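# Structure for the following, please:
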Amino acid sequence: MSLLEVISLRSAGTIETEKAVEVLKQFKRPQEARGVLCMRVYDNALLENDLSIHIYWDSDMMHRCKSPLGLQIVQLFKRFGLVNHNVWLERDEMGNESHRNS
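Alright, predicted model coming up:
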């Protein structure tokens, strides 16, 4: 099973977005964040003030809840605009939840 944690920021403008990116660059991932496979940052292709952080987790290390790492990033981003935070479970090609055994 694969888990994806998504933190999205809609800032008031591009200046706030750039400040959020700078804060994220300085952010040190805590040691207890084991299980992170990778972390990627995306800009919205159409809106300059939208930013999305995707944290890919090893399913053996992560439960079905928001991680302490994700919650820390949310706290960093709150001062720059509206923040949305979700955890997603991967489905297989047939649309079945991949965490269930067949």
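# same for the biggest helix by length in the chain, what does it pack against?
Taking DSSP state H as the criterion, the chain has its longest helix at helix 14-26. Applying 3 or more C-beta pairs under 8 Å, 6 or more residues apart in numbering; DSSP states H and E, we find helix 14-26 packed against strand 2-11, strand 50-58, helix 68-77. All C-beta atoms are positioned from the backbone trio N, CA, C, and that covers glycine.
# Go through the last one and flag the buried ones.
By neighbour count with 16 or more other C-beta atoms under 10 Å, helix 68-77 contains the buried residues 69-70, 73-74, 76-77.
# would you list these in a markdown table and tack on distance to residue 44 and pLDDT?
Formatted as a markdown table, the buried residues of helix 68-77 follow (distance: C-beta to C-beta, whole Å; pLDDT from 0 to 100):
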| residue | distance to residue 44 | pLDDT |
| --- | --- | --- |
| 69 | 22 | 90 |
| 70 | 19 | 93 |
| 73 | 17 | 95 |
| 74 | 18 | 96 |
| 76 | 19 | 94 |
| 77 | 15 | 96 |
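# Take the residues you listed and lay them out in JSON lines including distance to residue 21.
Formatted as JSON lines, those follow (distance: C-beta to C-beta, whole Å):
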{"residue": "69", "distance to residue 21": "17"}
{"residue": "70", "distance to residue 21": "17"}
{"residue": "73", "distance to residue 21": "12"}
{"residue": "74", "distance to residue 21": "15"}
{"residue": "76", "distance to residue 21": "11"}
{"residue": "77", "distance to residue 21": "10"}
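# Now flag whichever of these is closest to residue 12.
Nearest to residue 12 among those is residue 77, at 12.4 Å by C-beta to C-beta.
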